[in-house]
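Everything below, folded, please.
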Amino acid sequence: MGLPAGTDQATPADDVPLEVVVGELRRLQADGAHAVVLARTAPLLARFPENRDLLLLAARSLRLSLRTDDALAMLVRLGEFHPQFSRRHEEEGLCRVAARDAPGAVAALLRAVHANPALPLSWQMLEGLYRLTGDTAGTASAATQRAILADLPPEVVAATALFADGDWAAAEAIVRPFLQTHGDHPEAMRLLARIGVARDVLDDAELLFAAMLDRVPDHRRARFEFADCLLKRQKYAAARDQIERLLAADPDDADTLALRATAAVGLGDQATAIAIYHRLLTVTPGASDLHLWLGHALKTVGRLDEAIAAYRAAAALRPDFGDAYWSLANLKTFRFDDAEIARMRVAEAAAQTATGDRLHLCFALGKALEDRRDFADSWTFYARGNALKRAESGYLAAVLETNTALQTATCTPAFFARRTGWGEARPDPIFVVGLPRSGSTLIEQILASHSQVEGTQELADIQAIVHDLHGREIDFAAPRYPHALTELTAADCAAFGARYLADTQAYRTGRPFFVDKMPNNFRHIGLIHLILPKAKIIDARRSPLACCFSNLKQLFAQGQEFAYSVEDIARYYRTYVELMAHWDAALPGRVLRVQHEDVIDDLEASVRRLLAYCALDFEPACVAFHTNKRSVRTPSAEQVRQPIYRDGLDQWRNYAPWLGELQRALGDV
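Model (predicted):
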């Protein structure tokens, strides 16, 4: 229950949600009861000192009580916890107006609308201030923005403002009922799509953007956001088509060009991406992110010296740029000098360094010190980086373990026997599955050195089909997939197989076979067999301690959330072994297991075994795989451009004093 307006209670009862109390305080403030608001927010702020809404309520009531200096001090406090909050900047602007500080008011209000363009009051105040100071251009611009908002339904404006400040649930609670009542309003559809992107409900967002653009095809910003959504769904060819439409109208727009480069990278067209990054850097040479992205593209095509220069340029522009230093470390063959290590140590220890930069720096320092054989200090940084990464992760090992139990219960030998001959019969794909850091890139490089085989990348197309089988709302305790496999018809399986081949066509250049190296596909071998019964499946396996340790010292660009704690990686490895044993029993002979250590010990014999399984003639180029100049996007890129070496097999032994917990967690595997 809420607080009655006349009560003297200063703090909520324990059973009253804080948001209910905040709502009551807002009503009191709207009624002009500023003394009551201030009396009640003071003890609340003692209990909840970082609460954004309470701090803003207090600042606003202080201003409206003509205590401008106190209001500004409260806003400073709010800024310490929430520096990007647009309403904080708007309130500061209003305080500056009250203090007759026109330049300060304009600056604060501009910060507000930059963070959140859906603030009618800020635009109104800016229009008046610009008119007062004789700035006709500023007056016209603010008036235009105010008019745009005035033409929108109030619900859409309010929801857009909430969305801009990160209040996604509150924004959706307004805009979704509005759409249900008022039909297909384009800006409301766009906002709901943007909320979907923010909440990672990308399939809904894609549909909303497409429907909105059918109605308003000239809405450039929505088309840009649609392209970005498609990139997040790894639909690179479709995103490229949308981006090309934007560039046809404005070929020099920097943001659109950057998006085009991202699409090019996704499609394996590194040359286009590199050209775009160089072009953008001629305009903004101080953009550290551009140097980083250029470095990634250069590394992928093996232009190592140029990649190093690009990464170092990024770090020079922003000394705490953790990703730039980690990208250097992640080359695996790069060695930091003393000055770079010293700079990394300073940046990692600095209180103002952002968490994302700090964890990148930790992994980079771990690698730098490992290369110098300072294993104790190296492990300290690896452990610290893993702890930071794990703290921000929502990974639950039980979800995978539940799915594994359901896979073994659903995908039995009898289940597959009843579905013999289903699916798309083309034999084009060669799936390489397993854990990351298990030698899968080496296997891919060997196969891609064959004249009949295309090397692509870690493709997300099987995961996209799994997502569709799960449905929109995933119940992790009782998911629809894999049980949904039992509901598929022969026609469904053939259609899914054809869809996979069509969607992956963008990564191919005409060779009969191609490699899909998404390691996590080991979870979906049953699905792969149903929809692509002639595809080859290779299990890249590495000894448990070596593989798990290699994961623990690797910071992945995305996904692989199981890799950031000893318990998680050990449970994941054990689950992987359990599930692969099930596939061996349910589909005997279907999967070829390749032990990484065997490849290192006898390369040619391993190559001949791989090629024989894939029904390919032996070609010497597959043994000389390191001479292949193809693009490689994984962390092992530089390693597979060198001849076979044994140095990495036993690296974990250098860390044996700290791996006892991992050995115990792995148990009998």
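
domains of this protein?
Following automatic domain parsing, one finds the domains of the chain at 18-164, 198-391, 398-640.

Is it possible to get JSON lines of those that adds mean neighbour count?
Just so you know, the C-beta spots here come from the backbone N, C-alpha and C atoms, and that holds for glycine as well. Shown next, in JSON lines, are the domains of the chain (neighbours: other CB atoms under 10 Å):
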{"stretch": "domain 18-164", "mean neighbour count": "18"}
{"stretch": "domain 198-391", "mean neighbour count": "19"}
{"stretch": "domain 398-640", "mean neighbour count": "19"}
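
Quick one: the strands in the chain, in order.
Along the chain, the segments classed as strands by DSSP state E run 429-434, 453-455, 513-516, 536-541, 591-595.

for those, which one sits closest to residue 184?
Nearest to residue 184, of all the strands of the chain, is strand 513-516, at 38.1 Å by CB to CB.

So residue 393 sits against residue 561, correct?
Yes - if you go by CB atoms under 8 Å, residue 393 and residue 561 touch, sitting 4.7 Å apart.

mind checking which of the strands of the chain is nearest residue 92?
Among the strands of the chain, strand 513-516 sits nearest to residue 92 (CB to CB), with 53.0 Å.

measure the residue nearest to the spatial centre of the chain to residue 611 for me?
The residue lying closest to the centre of the chain (CA atoms, centre = their mean) is residue 558, at 5.5 Å. Distance, residue 558 to residue 611, using CB to CB, to the nearest Å: 32 Å.

want to throw the domains of the chain into a markdown table with mean pLDDT and distance to residue 662?
Formatted as a markdown table, those follow (pLDDT from 0 to 100; distance: least, CB to CB, whole Å):
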| stretch | mean pLDDT | distance to residue 662 |
| --- | --- | --- |
| domain 18-164 | 96 | 37 |
| domain 198-391 | 96 | 12 |
| domain 398-640 | 93 | 5 |
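
I'd like these as a markdown table, with distance to residue 654 appended.
Formatted as a markdown table, these follow (distance: least, CB to CB, whole Å):
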| stretch | distance to residue 654 |
| --- | --- |
| domain 18-164 | 42 |
| domain 198-391 | 5 |
| domain 398-640 | 9 |
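
which residues touch the lengthiest helix in the chain?
The longest helix of the chain (DSSP state H) is helix 566-586. For helix 566-586, the external contacting residues (CB atoms under 8 Å, 6 or more residues apart in numbering) are 390, 395, 397, 400-401, 404, 407-408, 411-413, 415-416, 434-435, 522-523, 525-526, 539, 541, 544, 547-548, 551-552, 561-563, 590-591, 593, 661-662, 665-667, 669.

Just the CA atoms of it, as CSV, please.
Taking C-alpha atoms only, helix 566-586 is exported to CSV below (Å, rounded to 0.1, in the frame of the first residue of the first chain):
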residue,chain,number,x,y,z
VAL,A,566,37.2,-23.2,-12.4
GLU,A,567,33.9,-24.7,-11.4
ASP,A,568,32.0,-23.6,-14.6
ILE,A,569,34.7,-24.7,-17.1
ALA,A,570,35.1,-28.1,-15.3
ARG,A,571,31.3,-28.7,-15.3
TYR,A,572,31.1,-27.7,-18.9
TYR,A,573,33.9,-30.0,-20.0
ARG,A,574,32.3,-32.9,-18.1
THR,A,575,28.9,-32.2,-19.6
TYR,A,576,30.6,-32.1,-23.1
VAL,A,577,32.2,-35.5,-22.6
GLU,A,578,28.9,-36.9,-21.3
LEU,A,579,26.9,-35.6,-24.3
MET,A,580,29.5,-36.7,-26.9
ALA,A,581,29.5,-40.2,-25.4
HIS,A,582,25.7,-40.2,-25.9
TRP,A,583,26.0,-39.2,-29.6
ASP,A,584,28.6,-42.0,-30.0
ALA,A,585,26.0,-44.5,-28.7
ALA,A,586,23.0,-43.0,-30.4
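
got the angle between it and strand 536-541?
140 degrees (axes from the mean of the first three to the mean of the last three CA atoms, to 10 degrees).

what angle sits between helix 566-586 and strand 591-595?
Interaxial angle of helix 566-586 relative to strand 591-595 (the same axes, to 10 degrees): 140 degrees.

Please compute how far helix 566-586 lies from its chain's middle.
Put simply, helix 566-586 sits 25 Å off its chain's centre (CA atoms, centre = their mean, to the nearest Å).

could you check the angle strand 429-434 makes with it?
Per the same axes, to 10 degrees, the angle that helix 566-586 makes with strand 429-434 is 140 degrees.

Can you give me every residue that contacts residue 512?
Residues in contact with residue 512 (CB under 8 Å, 6+ apart) are 428, 452, 453.
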